[in-house]
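> give the three-dimensional model of this entry:
(4 chains)
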Protein chains: 2
Amino acid sequence: MNTNRKKNLDSNDAKEIAVTAVTQDAYSAKPAPRVVPTPSVRRLPLYLRLLRDYVAQGRETISCTRLAADLRFDPTQVRKDLALTGVVGRPKVGYPVAELIAAIEDFLGWRNPVNAVLVGVGSLGTALLGYNFSLHGVNIVGAFDAAPEKVGQVVHGREIMPIGYLTHFIQHRHIPMGILAVPAQAAQSVAEMMVAGGVRAIWNFTSAALQLPLDVLVERADFSASLAVLTRALAHGLAPTPPKIP
Amino acid sequence: MNTNRKKNLDSNDAKEIAVTAVTQDAYSAKPAPRVVPTPSVRRLPLYLRLLRDYVAQGRETISCTRLAADLRFDPTQVRKDLALTGVVGRPKVGYPVAELIAAIEDFLGWRNPVNAVLVGVGSLGTALLGYNFSLHGVNIVGAFDAAPEKVGQVVHGREIMPIGYLTHFIQHRHIPMGILAVPAQAAQSVAEMMVAGGVRAIWNFTSAALQLPLDVLVERADFSASLAVLTRALAHGLAPTPPKIP
DNA sequence: TAGATTGTTAATCGATTAACAATC
DNA sequence: TAGATTGTTAATCGATTAACAATC
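This next block holds a predicted model:
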């Protein structure tokens, strides 16, 4: 009981601060939690995806039990995650599906896409330009490449601009996000150009460890972490099932 | 001290079990830890990447302090992660770079690539076929697509086969890994064909929540989790820096 | 009503970070 | 040698899971 004292005090502090927040910000009935767990944020798109399926099936409410089963999550975890959106469920009934969808989209900022530039129109960059991320909160409004022969080409509706224009373009159009799809050797210098232009976040598809100001958010998206998990597992105990000869 | 008792007992158990493991498996001087933390496995490729740079710079040893600084990690965390590989460092000197590289590659299974099939040769699938993952533990040895007009085409050196051949191909060639790059609606059924063929792991680039036997490892690689983190942060407090007018 | 399901607090679990003796 | 750096244990932190009263 004694080692828990600190933790309990923390909980009490949190409650008090939350109450204060209500006083300060009378607009929202429920104060947003001060800090949102990143794992929860990462899971929210999974719920969103399923909720859209439920709508297509004509469901109007859904229980956390069902969501949890479909995702192989713990039901309590689902309840905690959904609570972040402020939507309340009804015992015995579940959560209103349409309301949840809207609340998650709002929570993630997917209702108001931010503009982004993409640098590096190789095969991955081309694939990214082909996606429409506008329902996922991002609009790619400019594409750049260092290769002179690529500049001027139109890929998925965007004309490729020279790297030399990058910083000015970001600055001029107040672009908050950069997508890095260049070769690893070029990553650091292109990232610096992005930051010089004023981006606040970088989606980094390269394997480079970027050295940037701490207030720039870098989200790693290179494949090596996934591959490490998969290959390590396969190399140690996850052998292929013996093929069933029919 | 009393709430910690359980935890301490656990540590002791671990030690005893580890000792038992040594007795059972006399080959390795240091027994591999029973369970390897996934976050550590995900970080190992980052070290590997930096270590290769250090080699290129002519370094023969590297301290965890330096690695930690370059990656903005805690030095203790780096020591813990590197300890997984079994490589020992020398106080005041650091870790031998070449040895670490080899040990990490071994640990991840990147010295002996596993075979994989890719299904869905759209823009992302094409990009993935263009990568050479053989230094990252994976060889894509077959590509499949449902569209009859794609079948027979050669993309990055692989002839696209019809989905109908998928299960047999996996079974016949003992392929342990499948890469899912199909539209979300097709994901579940293609995944089931992969499992029917005998894959033990699936690299899932779709947003679908797959319902598969629990002993099949599914590694999620769709973009929505990353996007959620980025857009949520930008929508709440990470505004673009005001452009500095020169 | 009875009981499934929510919202929330407490307990557990696991990962990260701090502390420090050993040592090169 | 002196002190930077390792290896490892202990402490902290944060996320997940269990428990359970409230309630529809």
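> what comes up buried for stretch A:109-120?
For stretch A:109-120, burial by neighbour count (16 or more other CB atoms under 10 Å in any protein chain shown) applies to A:109-110, A:113-120. The C-beta positions use only the backbone N, C-alpha and C, and glycine is treated the same way.
> and the one helix or strand A:Q188 maps to with chain B, contact?
Following DSSP states H and E, one finds A:Q188 within helix A:184-197. Yes. Using CB under 8 Å from any CB of the partner chain, helix A:184-197 comes into contact with chain B via A:184, A:197.
> and that helix, average pLDDT?
In this model, helix A:184-197 carries a mean pLDDT of 98.
> could you dump that helix to CSV, C-alpha only?
The C-alpha trace of helix A:184-197 is given here as CSV (Å, rounded to 0.1, in the frame of the first residue of the first chain):
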residue,chain,number,x,y,z
ALA,A,184,18.2,7.9,-47.0
GLN,A,185,21.4,9.9,-47.9
ALA,A,186,19.3,12.9,-48.9
ALA,A,187,16.9,12.7,-45.9
GLN,A,188,18.6,15.0,-43.5
SER,A,189,19.2,17.8,-45.8
VAL,A,190,15.7,17.7,-47.3
ALA,A,191,14.2,17.5,-43.8
GLU,A,192,16.2,20.6,-42.9
MET,A,193,14.7,22.4,-45.9
MET,A,194,11.3,21.4,-44.7
VAL,A,195,11.9,22.7,-41.2
ALA,A,196,13.4,25.9,-42.6
GLY,A,197,10.1,26.4,-44.5
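> just the buried residues of stretch A:109-120: which are in helices?
When the buried residues of stretch A:109-120 are checked against helices (DSSP state H), there are no matches.
> between the residues you listed, which sits nearest DNA strand C?
Among the buried residues of stretch A:109-120, A:W110 lies closest to DNA strand C (CB to the nearest atom of the strand), at 21.6 Å.
> so who does the closest one touch?
A:104, A:135-137, B:231 (CB atoms under 8 Å, 6 or more residues apart in numbering or on different chains).
> if we can go back for a sec, would you list the buried residues of stretch A:109-120 in a markdown table and tack on pLDDT?
A markdown table is the format used below for the buried residues of stretch A:109-120 (pLDDT from 0 to 100):
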| residue | pLDDT |
| --- | --- |
| A:G109 | 97 |
| A:W110 | 98 |
| A:P113 | 97 |
| A:V114 | 98 |
| A:N115 | 98 |
| A:A116 | 98 |
| A:V117 | 98 |
| A:L118 | 98 |
| A:V119 | 98 |
| A:G120 | 98 |
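> with distance to DNA strand D added, can I get the residues you listed in CSV?
As requested, these are arranged in CSV below (distance: CB to the nearest atom of the strand, whole Å):
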residue, distance to DNA strand D
A:G109, 19
A:W110, 21
A:P113, 26
A:V114, 24
A:N115, 29
A:A116, 26
A:V117, 30
A:L118, 30
A:V119, 31
A:G120, 32
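> which residues of chain A fall in helices?
Using DSSP H, helices in chain A cover A:4-24, A:38-56, A:64-71, A:75-83, A:97-108, A:123-130, A:166-173, A:184-197, A:224-235.
> tell me the most buried of the ones you listed?
helix A:224-235 (a mean of 23; mean count of other CB atoms under 10 Å in any protein chain shown).
> go ahead and flag the most central residue of chain A.
A:R42 (6.0 Å; CA atoms, centre = their mean).
> close to DNA strand D: what parts of chain A are there?
Residues of chain A lying near DNA strand D by CB under 7 Å from any atom of the strand: A:3, A:6, A:37-40, A:73-74, A:76-77, A:80, A:90-93.
> the same query, at a cut-off of 6 Å, please.
A:37-40, A:74, A:76-77, A:80, A:90-93 (CB under 6 Å from any atom of the strand).
> could you confirm whether the longest strand belonging to chain A reaches chain B?
Scanning chain A for the strand with the most residues, using DSSP state E, yields strand A:138-145. Yes. Using CB under 8 Å from any CB, strand A:138-145 comes into contact with chain B via A:V138.
> could you check the angle that strand makes with helix B:224-235?
100 degrees (axes from the mean of the first three to the mean of the last three CA atoms, to 10 degrees).
> ok, the closest residue to A:L50 other than its chain neighbours - contacts?
Nearest in space to A:L50, with sequence neighbours left out and distances taken as CB to CB, 6 or more residues apart in numbering or on different chains, is A:D70 at 5.7 Å. By CB under 8 Å, 6+ apart, the contact list for A:D70 reads A:50, B:209, B:211.
> contacts only, for A:L44.
A:L44 sits next to A:81, A:84-85, A:104, A:107-108, B:228 when contact means CB under 8 Å, 6+ apart.
> quick revisit: using CSV, lay out the contacts of A:W110 together with pLDDT.
Formatted as CSV, those follow (pLDDT from 0 to 100):
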residue, pLDDT
A:I104, 98
A:L135, 97
A:H136, 98
A:G137, 98
B:T231, 98
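> which one of those residues sits closest to B:H174?
Relative to B:H174, the closest of the contacts of A:W110 is A:H136; by CB to CB it sits at 37.2 Å.
> which residues touch the closest one?
A:H136 makes contact with A:45, A:110, A:113, B:223-224, B:227, B:231 under the criterion CB under 8 Å, 6+ apart.
> quick one: the residue lying closest to it once chain neighbours are set aside from B:F205, how far?
Using CB to CB, 6+ apart and skipping the chain neighbours, the partner closest in space to A:H136 is B:L227 (4.8 Å). B:L227 sits 14 Å away from B:F205, going by CB to CB, to the nearest Å.
> where does chain A have low pLDDT?
Across chain A, the ranges flagged by pLDDT under 70 are A:1-34, A:238-246.
> what does it put close to DNA strand C?
Taking CB under 6 Å from any atom of the strand as the criterion, chain A approaches DNA strand C at residues A:4, A:11, A:63-65, A:76, A:79-80, A:83, A:88-92, A:94-95.
> re earlier: surely the residue nearest to the centre of chain A is in contact with B:V229?
Yes. Using CB atoms under 8 Å, A:R42 is in contact with B:V229, at 6.5 Å.
> domain parsing of chain A, as residue ranges.
Chain A is divided into the following domains under automatic domain parsing: A:36-110, A:114-227.
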